[in-house]
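# Here is the input, now give the coordinates:
(chains A, B, C and D, ligands or ions: 4)
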4 protein chains.
Amino acid sequence: MAENELRVGVIGVGMMGADHADRLVHRVAGARLVAVSDPDTARAAALAGRYDGVRSVDDPLALVADDEVDAVVIASPGFVHEEQVLACIAAGKYVLCEKPLTMDSESSLRVLRAEREAGKELIQVGFMRRFDPQYAQLQQLLASGDLGRTLLLHNTHRNKSVPNPEFRSEMIVRDSLVHEVDVARFMFGQEITTIQVLSPAPTSHACEGVVDPQVALFTMAGGGVVSNEVFVNCQVGYEVRCEAVSERGTAIAGRPQSGLYTTRVGEPAGSWGGTVDPDFIARFGLAYDLEFQAWVDATRRGEVVGATSWDGYASTAVCEAGMQSLASGQPVAVTLVDKETLT
Amino acid sequence: MAENELRVGVIGVGMMGADHADRLVHRVAGARLVAVSDPDTARAAALAGRYDGVRSVDDPLALVADDEVDAVVIASPGFVHEEQVLACIAAGKYVLCEKPLTMDSESSLRVLRAEREAGKELIQVGFMRRFDPQYAQLQQLLASGDLGRTLLLHNTHRNKSVPNPEFRSEMIVRDSLVHEVDVARFMFGQEITTIQVLSPAPTSHACEGVVDPQVALFTMAGGGVVSNEVFVNCQVGYEVRCEAVSERGTAIAGRPQSGLYTTRVGEPAGSWGGTVDPDFIARFGLAYDLEFQAWVDATRRGEVVGATSWDGYASTAVCEAGMQSLASGQPVAVTLVDKETLT
Amino acid sequence: MAENELRVGVIGVGMMGADHADRLVHRVAGARLVAVSDPDTARAAALAGRYDGVRSVDDPLALVADDEVDAVVIASPGFVHEEQVLACIAAGKYVLCEKPLTMDSESSLRVLRAEREAGKELIQVGFMRRFDPQYAQLQQLLASGDLGRTLLLHNTHRNKSVPNPEFRSEMIVRDSLVHEVDVARFMFGQEITTIQVLSPAPTSHACEGVVDPQVALFTMAGGGVVSNEVFVNCQVGYEVRCEAVSERGTAIAGRPQSGLYTTRVGEPAGSWGGTVDPDFIARFGLAYDLEFQAWVDATRRGEVVGATSWDGYASTAVCEAGMQSLASGQPVAVTLVDKETLT
Amino acid sequence: MAENELRVGVIGVGMMGADHADRLVHRVAGARLVAVSDPDTARAAALAGRYDGVRSVDDPLALVADDEVDAVVIASPGFVHEEQVLACIAAGKYVLCEKPLTMDSESSLRVLRAEREAGKELIQVGFMRRFDPQYAQLQQLLASGDLGRTLLLHNTHRNKSVPNPEFRSEMIVRDSLVHEVDVARFMFGQEITTIQVLSPAPTSHACEGVVDPQVALFTMAGGGVVSNEVFVNCQVGYEVRCEAVSERGTAIAGRPQSGLYTTRVGEPAGSWGGTVDPDFIARFGLAYDLEFQAWVDATRRGEVVGATSWDGYASTAVCEAGMQSLASGQPVAVTLVDKETLT
Ligand SMILES: [Mg+2]
Ligand SMILES: [Mg+2]
Ligand SMILES: [Mg+2]
Ligand SMILES: [Mg+2]
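Ligands and ions are numbered 1, 2, ... in the order given. Got it, this is the predicted structure:
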């Protein structure tokens, strides 16, 4: 086992990256964390010091090039992804890049083309829901044909609240709704052809001028329709659900029913039920573990699993159209390059 | 319709009786409330005054004998049931008698014998759970054989709290557990042969010296086993459940899931779920309506439905054995007279 | 009680009308069925013969005018509603009219104006969901402000299948979606300002050329958004649900969880769960009972409860706009007359 | 990380042991599988050949003594546990021993005394439910006092079917009910003082002469009562549940609600619900992963977590009393040595 253990470097050790580092050390088999890098070099050094045999490397591109690093996890801010992923491709190293792949569809396309020219699939994009047991099971059920053809999806995506006032209407599309974009493409196995984003009267818990909640509609290439609620200041907790409607039945992934069922004292009488997860870490922690284990296992076999660079590109392109629709309220067509020729 | 409307008199207009009077006036078709009687004659007069055409009759036996009363509902305290039910039998009038039929098995047997001698079934005992849609559906499912032979029942019977300090350990057997006794006999279609009542360390919300909760076990004539929890100061609400375990599946009646499903704000995140019913009126109000409608309909046809005088007798006999077991903790055999000869 | 029993005539005794007749005789207190009328006079006579004291009247307008009829239930086809409701207004009789009030907004407006000129509210429109315990409870919860302002509704309306090939795309809007129109108006207490109907690729179980399922969006006067799925050939059963999303929580009415919870044998292992209602009678039978009891009680007090003639008019106007949107896929504005002046 | 990776040997590579070997290689961080041993040496060799750097060792005691083995997992049949665990103690090596610790309370006591004499806790017994997220959460909730004092537990333990005709009535106590014994002790943090095992009329799916299902009752040292259903041929699937009843609320771990919620076509209408796990691997696979990760982490820190040798001894003693009660149907007192002096 140890002889071919995968030596991993992590770029970006903010909340997500630090969690991923911990994951590699404490919850994933067959991998060894060997290097971390962060613009905040003190933060990187502190993290490295917490584990045996982990170095802090100031230059992220040096980390990518390092001979002792077999594969790279990118958890840095989106605007530096392009350069870092291109470096991984140049070095021929497998990379697990947190979403978004890059900031816009043009730059995603550059990455996609570089990977094609390198002649080898190297990129996995971190859409972790594909590794959530329920979402994975739903995709398998729909793909099995057991319920007939899929007709509709209804997605619900609620956060208790967003961390900062910079989380504007456009970010709800790009950082939150992007997960539903990937889910729709994953469940249908089809591209999205139009997107429409409606702007309901916002909750009073949203920052001034922010459209929250949002209701979005996708049309799939085969004519299916997807309705989406994204509500990032719902006050209750983190609830992410997908209901698929097929010709002979329906299926829901993500009903909030994990954990204990309790009855409790109340007035005039008590309540039954359970708790809603507080945040995405509580809800998708196991999905991240499974994603990382699958990435480590696949990388050691020389394969790529999960969302590909094409998925990263396509989801970015849909969100670009979504941001246009957010402004107009009208349906906007999504244009993608040809998947074979990338033109 | 009006020509053969059933004219009903109600004896005892405490909480239950007043509710039944209201039920007859406002929620049941084909019946007319014509008379009420109560030792608290002011209370009876006040109730009568609330509706058109309802008289207050001081003597309950005069109410039974009244030519304008076709049928009688008895909601008086248990210790006067024997005399009042016997009067109904003597008058040849159909009677819906709240449980218990009488205070002990000997007196129940006297009633049973009087009815047999009168040559006509006239008595329905108010075990309303038999009319609860879920309990009725469970009985039908078990009787259908769809799940194979029934092997076990697990009953849960919880009250938020009991109204007064007189609700002692023996009353928990006689007034609460008696419903599980009837449920077990109803679901299995068999008699109970032994009963054992265990005395767990009581909740601090029970009155001094009261055994609450109690765990009781029944053995059925066919070898089935029934486990029962009765907990009359559970603080949460009114929860009554029955889980049947059969050879090819299980079924639960009474999971607390009526009403809305909500998510709500909480700390660190919120909760999902619903509310527990506050009391038996909220939980079984519809069952009482259905019981009364069925009794009115059956009486107009000259029939008896629901629990019979035999059921009233048998449940009383089981509770007598249960009170012995409460004292000893040991299993106690239940002895019944022969159903045909009543000896 | 009997002296002021409400004497009711029923017009139209097809499936719905016959069920209502039975309801008046067997499940509603304080009313007496006295007359029925139907173009199929044999059918009317057969029904009348089934009950004591019920006459069959050939001319529905004669039934309305009959001195022995205190109030009228209209369960005839929609295209004769206008004439029959106007007759009730002329006779000063209370009427419970099945939806739709009339076939288009112009005729609804004529009825509305006639009622205004008569100077007395007489019309209840049969939107029975307002009497379903869960829908009623949801409306009360939202109106209470306990969860803050309501932001979104998500409605689900699924039928196992539709009875005949004449159930075309437009009928899905007018006969099915109309219930969601009323629900949205009832829950928000506001008018609908725009409606958009999308046409997903249809299920193979729909008749040739029929758009099923449909996804519809409403915008409310206060800016709230309502998403709706209507799917009339879902093959599974009858499932009608409403999820409200508010500032401090969410609530769902109509989750399919009535009845028993069972576990059952299966391969490789078994399943847990319950059954979906087969049809609207099973799902809303109790709501109809409660609606009728409330109508009888209110009529005897000289009041109107439930959906009014204005609600009937407004829902018809929204559906007219919806049928336009069904053709174009674009949002269509809803225009209503002024509620005070009716111009 | 690699320098202090825990080198683990596995004794017994039947179904459980092979699963544990796979777990160490593919799902647990910080450990390396280095050796396996099995009386079926061909099976051991085949397993070793499947992974890099794993040796097959014929003599299990040689595996224990091996300098390259830091810690041992025992998944061999129960009757060889005593010798193998004693060898681990003699070698001063940490050991994770599948339940039962040994075959009877006398031999468990010998192990317990040897460990005490060695002066260092080394043994974890594989009661994996303590690591199931829901069972762990329930224990924490009860220990927190949030619901007040715990009064009752109701345990349900159902297997689809048992693998072979040798699974007799006594084995149901020793191999199945033993988990409930540990759960009761874990949840209450108290010893069991009496056990009573009832013998209902068996299911027709049980082998001739086997008492299945069984209903068992425990009394806890503090007066709490635990009711248990164990049903090893329930035909449906693997369902393991624990309901705790406390002074101010109740809590259920293990309701069968993992996975997707679906609606499906049926007659007359469809069903809603989900699937029951087929077996303990599906239900408790994650619990085993967490147990192993916790054992590896604790061993590297020089600590023991989970069920101890005392827990192994006490559960064995309770099951011995349970087997007596199975024969008599009467309550049997449990006698334990003094925990401090072991006499
Ligand atoms: Mg590792
Ligand atoms: Mg009446
Ligand atoms: Mg009536
Ligand atoms: Mg390992």
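
# in stretch A:331-339, what counts as buried?
Of the residues in stretch A:331-339, A:331, A:332, A:334, A:336, A:337 count as buried by neighbour count, 16 or more other CB atoms under 10 Å in any protein chain shown. (Glycine included, C-beta is placed from N, CA and C.)

# Quick check: closest non-adjacent residue to residue A:335.
Nearest residue to residue A:335, sequence neighbours excluded (CB to CB, 6 or more residues apart in numbering or on different chains): residue A:317, at 7.2 Å.

# can you count the residues close to that neighbour?
By the measure other CB atoms under 10 Å in any protein chain shown, the count of residues near residue A:317 is 23.

# Doesn't it lie inside a strand?
No - in this structure, residue A:317 is helix, not part of a strand, as judged by DSSP: H, G, I helix; E, B strand; the rest coil.

# I'd guessed it sits against residue A:102; true?
No - counting by CB atoms under 8 Å, residue A:317 sits too far from residue A:102 to count as a contact (11.3 Å).

# overlap in contacts of these two?
Common contacts of residue A:317 and residue A:102, defined by CB atoms under 8 Å, 6 or more residues apart in numbering or on different chains, comprise residue A:108.

# Looking at the buried residues of stretch A:331-339, which one is closest to residue C:190?
In terms of CB to CB, no member of these lies closer to residue C:190 than residue A:331, at 25.3 Å.

# ok, so what distance separates that closest one from residue C:266?
Distance, residue A:331 to residue C:266, using CB to CB, to the nearest Å: 43 Å.

# still on that earlier bit, mind listing which of the buried residues of stretch A:331-339 are in helices?
Among these, no member falls in helices (DSSP state H).

# which one of those residues is nearest ligand 3?
Comparing the buried residues of stretch A:331-339 against ligand 3 with CB to the ion places residue A:331 closest, at 53.7 Å.

# Tell me which residues touch the residue nearest to residue A:335, please.
A:105, A:108, A:334, A:335, A:336.

# do you know how far the last one is from residue A:143?
Distance check for residue A:336 against residue A:143: by CB to CB, it reads 22 Å.

# same check, this time on residue A:328
As judged by CB to CB, residue A:328 and residue A:143 stand 35 Å apart.

# higher neighbour count, those two?
Per other CB under 10 Å, whichever of residue A:328 and residue A:143 has more neighbours is residue A:143, with 13 against 10.

# Return the helix or strand containing residue A:313 as PDB; C-alpha atoms alone will do.
Per DSSP states H and E, residue A:313 falls inside helix A:309-328. In PDB, the C-alpha atoms belonging to helix A:309-328 read as follows (Å, rounded to 0.1, in the frame of the first residue of the first chain):
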ATOM      1  CA  SER A 309     -13.600  19.700 -17.400                       C
ATOM      2  CA  TRP A 310     -16.500  19.700 -19.900                       C
ATOM      3  CA  ASP A 311     -19.000  19.700 -17.000                       C
ATOM      4  CA  GLY A 312     -17.000  22.600 -15.500                       C
ATOM      5  CA  TYR A 313     -17.200  24.500 -18.800                       C
ATOM      6  CA  ALA A 314     -20.900  23.800 -19.400                       C
ATOM      7  CA  SER A 315     -22.000  24.700 -16.000                       C
ATOM      8  CA  THR A 316     -20.100  28.000 -16.200                       C
ATOM      9  CA  ALA A 317     -21.800  28.800 -19.600                       C
ATOM     10  CA  VAL A 318     -25.200  28.100 -18.200                       C
ATOM     11  CA  CYS A 319     -24.600  30.400 -15.200                       C
ATOM     12  CA  GLU A 320     -23.500  33.200 -17.600                       C
ATOM     13  CA  ALA A 321     -26.800  32.900 -19.400                       C
ATOM     14  CA  GLY A 322     -28.500  32.800 -15.900                       C
ATOM     15  CA  MET A 323     -26.900  36.100 -14.900                       C
ATOM     16  CA  GLN A 324     -28.300  37.600 -18.100                       C
ATOM     17  CA  SER A 325     -31.700  36.300 -17.300                       C
ATOM     18  CA  LEU A 326     -31.500  37.600 -13.700                       C
ATOM     19  CA  ALA A 327     -31.300  41.000 -15.200                       C
ATOM     20  CA  SER A 328     -34.200  40.600 -17.700                       C
END
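
# Tell me how many other residues surround whichever residue of chain A sits closest to ligand 3.
Residue of chain A nearest ligand 3, by CB to the ion: residue A:268 (33.1 Å). Residue A:268 has 12 neighbouring residues, counting by other CB under 10 Å.

# Select the helix or strand of chain A having the lowest average pLDDT value.
Least confident helix or strand of chain A, by mean pLDDT, DSSP states H and E, is strand A:261-264 with a mean of 91.

# Do that one and chain C come into contact?
No - against chain C, strand A:261-264 shows no contacts by CB under 8 Å from any CB of the partner chain, the least distance being 12.5 Å.

# Show me what that strand is packed up against.
Contacts defined by 3 or more CB pairs under 8 Å, 6 or more residues apart in numbering or on different chains; DSSP states H and E place strand A:261-264 against strand A:271-275, strand D:249-253.

# Take those and write them to a markdown table, including distance to residue C:289.
Compiled in a markdown table, these are given as follows (distance: least, CB to CB, whole Å):
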| stretch | distance to residue C:289 |
| --- | --- |
| strand A:271-275 | 27 |
| strand D:249-253 | 34 |
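
# Just name the most buried of the ones you listed.
Counting by mean count of other CB atoms under 10 Å in any protein chain shown, strand D:249-253 has the highest mean neighbour count of the helices and strands packed on strand A:261-264, with a mean of 24.

# Compute the distance between the nearest residue to residue A:313 once chain neighbours are set aside and ligand 1, please.
Using CB to CB, 6+ apart and skipping the chain neighbours, the partner closest in space to residue A:313 is residue A:108 (3.9 Å). Per CB to the ion, to the nearest Å, residue A:108 is found 31 Å from ligand 1.

# per-residue pLDDT, residue A:108?
Looking at residue A:108, its pLDDT reads 98.

# so what's it up against?
A:100, A:101, A:102, A:309, A:312, A:313, A:316, A:317.

# Residue A:81 too?
Shown in contact with residue A:81 (CB under 8 Å, 6+ apart): A:74, A:97, A:98, A:100, A:101, A:102, A:103.

# did I read that right, the fifth one in a helix?
Right, the one you point to is residue A:101. No - counting by three-state DSSP, residue A:101 falls outside a helix, being coil.

# How many residues are close by the nearest residue to it once chain neighbours are set aside?
Once flanking residues are discounted, residue A:101 sits nearest to residue A:312: 2.9 Å by CB to CB, 6+ apart. Neighbours of residue A:312 under the rule other CB under 10 Å: 28.

# what do you get for residue A:149?
Applying other CB under 10 Å, we find 15 residues neighbouring residue A:149.

# That one - nearest residue in space that isn't next to it in sequence?
Spatial nearest neighbour of residue A:149, excluding adjacent residues (CB to CB, 6+ apart): residue A:247 at 5.2 Å.

# The one you found reaches residue A:146, doesn't it?
No - with contact defined as CB under 8 Å, residue A:247 does not count as touching residue A:146 (10.6 Å).

# who's more crowded, the two?
Remark: of residue A:247 and residue A:146, residue A:247 carries more neighbours, 20 against 14, as counted by other CB under 10 Å.

# show me the contacts for that one.
A:147, A:148, A:149, A:151, C:203, C:204, C:205, C:235.

# pLDDT score for residue A:3?
On pLDDT, residue A:3 comes in at 54.

# hey, what's residue A:246 bridged with?
On the basis of DSSP bridges, residue A:246 takes part in beta bridges with residue A:150, residue A:249.
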